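Enquirer: Got a sequence here, can you model it:
(one chain, ligands or ions: 2)
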Amino acid sequence: MQPTNCHQCNAALTGNNWRLLPTAGDDALVDAYFCEACWPTALATVRHALVTADASEFEDLMQAAFIRAYLQARDIKLASPNDLPHPGGLAADALRWLDQIKARGGFWWRQVMCSGCYQTSRELNITTIPWWNSDAGAYLSTYQCPTCLPTGIADTRARLARNANNDVVLICALLERYAVFVHEYRRGDAADTLIPIVDAVLTKLAEGSLVLPIGAVA
Ligand SMILES: [Zn+2]
Ligand SMILES: [Zn+2]
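Expert: Ligands and ions are numbered 1, 2, ... in the order given. Take a look at the predicted model:
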């Protein structure tokens, strides 16, 4: 499936840099395709509609429910699919999903193979974490589905606990490939200083408050 033109500027979409985003249709959110230049504005428009909808509680509920329905129809694993949060909670939940899409550079629909169970899942369901690969003798990025993520993070924490003095700098180096910079690592601080920082980074990755995006592929 290769979309042809940007929904916003009509530029021809080539390669794999286009983004798929929910866009307001007649009575629901529908798929639309955007170029590299237009997708941030398109996502902000969806977000804005959600943020400004809270003048009326019903509108708030509907806008958020549309986003939830759109994502659920595209195999996104919602935390409690059959249990709608109260209206305010529903909007917060929908905004959180949009922020997760933004954190992935607008890529969220692609199918990614989980490094733990080898099942494919939508990119928005996937968490990228550093994981020790003994064959490579290095920390590599691995992709974890929601089921495998707790074990994946636990593996990395266990490896780190055994080899922290050596490993913290390796993880910091991997993070830099995602433009996540640890100042204390750059200035050459000792492992003792870096260990709690890397531990906090792993917590953020597990919670989704920090995302290592997979990014565009050739
Ligand atoms: Zn465009
Ligand atoms: Zn998995």
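Enquirer: Spatially, and excluding backbone neighbours, which residue is closest to residue 31.
Expert: Once flanking residues are discounted, residue 31 sits nearest to residue 20: 5.9 Å by CB to CB, 6 or more residues apart in numbering. (C-beta placed from N, C-alpha, C; glycine too.)
Enquirer: element containing the one you found, please.
Expert: Taking DSSP states H and E as the definition, one finds residue 20 inside strand 19-24.
Enquirer: mind listing what's buried in the strand or helix carrying residue 42?
Expert: Using DSSP H and E, the element containing residue 42 is helix 39-51. For helix 39-51, a neighbour-count test (16 or more other CB atoms under 10 Å) marks 39, 42, 43, 46, 47, 50 as buried.
Enquirer: now whatever helix or strand comes next after it, how far from the centre of its chain.
Expert: Downstream of helix 39-51, the first helix or strand assigned by DSSP H and E is helix 57-73. Once both centres are worked out by CA atoms, centre = their mean, to the nearest Å, helix 57-73 turns out to sit 20 Å from its chain's centre.
Enquirer: circling back to that earlier point, now pLDDT and distance to ligand 2 too, for the buried residues of helix 39-51, in TSV please.
Expert: Below are those laid out as TSV (pLDDT from 0 to 100; distance: CB to the ion, whole Å):
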residue	pLDDT	distance to ligand 2
39	97	28
42	97	30
43	97	27
46	92	29
47	91	29
50	82	30
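Enquirer: Where does the nearest residue in space to residue 177 that is not next to it in sequence sit: helix, strand or coil?
Expert: Nearest residue to residue 177, sequence neighbours excluded (CB to CB, 6+ apart): residue 141, at 8.0 Å. State at residue 141, reduced to three classes by DSSP: H, G, I helix; E, B strand; the rest coil: strand.
Enquirer: now swap in residue 164 and tell me
Expert: helix.
Enquirer: what pLDDT does it get?
Expert: Reading off the confidence values, residue 164 has pLDDT 91.
Enquirer: what are the ranges of the helices in this structure?
Expert: Assigned by DSSP state H, the helices in the chain fall at 39-51, 57-73, 87-103, 149-176, 183-186, 191-207.
Enquirer: Present these as CSV; the columns should include distance to ligand 1.
Expert: Shown next, in CSV, are these (distance: least, CB to the ion, whole Å):
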stretch, distance to ligand 1
helix 39-51, 8
helix 57-73, 21
helix 87-103, 17
helix 149-176, 31
helix 183-186, 36
helix 191-207, 31
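Enquirer: Residue 16: which of those is closest?
Expert: helix 39-51 (13.1 Å; CB to CB).
Enquirer: ok and the helix holding residue 42 relative to strand 19-24, angle-wise?
Expert: If you take axes from the mean of the first three to the mean of the last three CA atoms, to 10 degrees, helix 39-51 sits at 30 degrees to strand 19-24.
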